[in-house]
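Novice: Predicted model, plus sequence, below.
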Amino acid sequence: MIVIALCFAGAFWFGVTRLIVSSSVVKDGIRIAEKDPTVTALLGTPLKPGWMVRGNIQINNGSGNADATVPLVGPRGEGELRIVAERENGVWRYQTLSLQSGSRTIDLLPRPAGSIDL
């Protein structure tokens, strides 16, 4: 009986993980990371999602929110993609999109023209 319960729990976890990874907000986040030269130098390409996805995505009538951490694995290394986004009228707007690899954090959100890091 315990083995059956563990199998059902594993299947449920796998299904939820796949739903998060297959969502447009996560797929687009991975594409953005793959186009970033700092990320590609650090992890290489292609980037593939790992197994320990955490978070949730909620969508209702074209609006919603996402808060997820997705492990990414590349040929040179691995990291975690952090996503916080809101969806309005079917369009995702990222509040947070960053990659953490070791002690390094790479901000993947576009910066306004003329902005500088201090």
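Specialist: Ah, there it is.
Novice: Tell me what the closest residue to G50 other than its chain neighbours is bridged to.
Specialist: Using Cβ to Cβ, 6 or more residues apart in numbering and skipping the chain neighbours, the partner closest in space to G50 is P71 (3.1 Å). The way it works is simple: take the backbone N, C-alpha and C, and place the C-beta from them, glycine included. Taking DSSP bridges as the rule, P71 bridges to E80.
Novice: contacting residues for P71?
Specialist: Taking Cβ atoms under 8 Å, 6 or more residues apart in numbering, we find P71 in contact with P49, G50, W51, M52, V53, E78, G79, E80, L81.
Novice: Looking at those residues, state which has the most neighbours.
Specialist: Neighbour tally across the contacts of P71 (other Cβ atoms under 10 Å): the maximum, 26 neighbours, falls on L81.
Novice: what element comes up after the lowest-mean-pLDDT helix or strand in the chain heading to the C-terminus?
Specialist: Here the helix or strand of the chain ranked lowest by mean pLDDT, DSSP states H and E is helix 2-21, holding a mean of 52. Helices and strands here follow DSSP states H and E; after helix 2-21, the next one along the chain is helix 24-35.
Novice: average model confidence for that following helix?
Specialist: Averaged across helix 24-35, pLDDT comes to 94.
Novice: try stretch 92-107
Specialist: Confidence for stretch 92-107, expressed as mean pLDDT, is 95.
Novice: Nearest to R104 among the contacts of P71?
Specialist: In terms of Cβ to Cβ, no member of the contacts of P71 lies closer to R104 than G79, at 8.2 Å.
Novice: Starting from V84, give me the distance back to R93.
Specialist: Counting by Cβ to Cβ, to the nearest Å, the separation of R93 from V84 is 10 Å.
Novice: Which residue of the two possesses the greater neighbour count?
Specialist: Taking neighbours as other Cβ under 10 Å, R93 and V84 compare with V84 leading, 16 against 9.
Novice: residues touching that one, list them.
Specialist: A66, D67, Y94, Q95, T96, L97.
Novice: Repeat the analysis, applying 6 Å as the threshold.
Specialist: V84 makes contacts with D67, Q95, T96, as judged by Cβ atoms under 6 Å, 6 or more residues apart in numbering.
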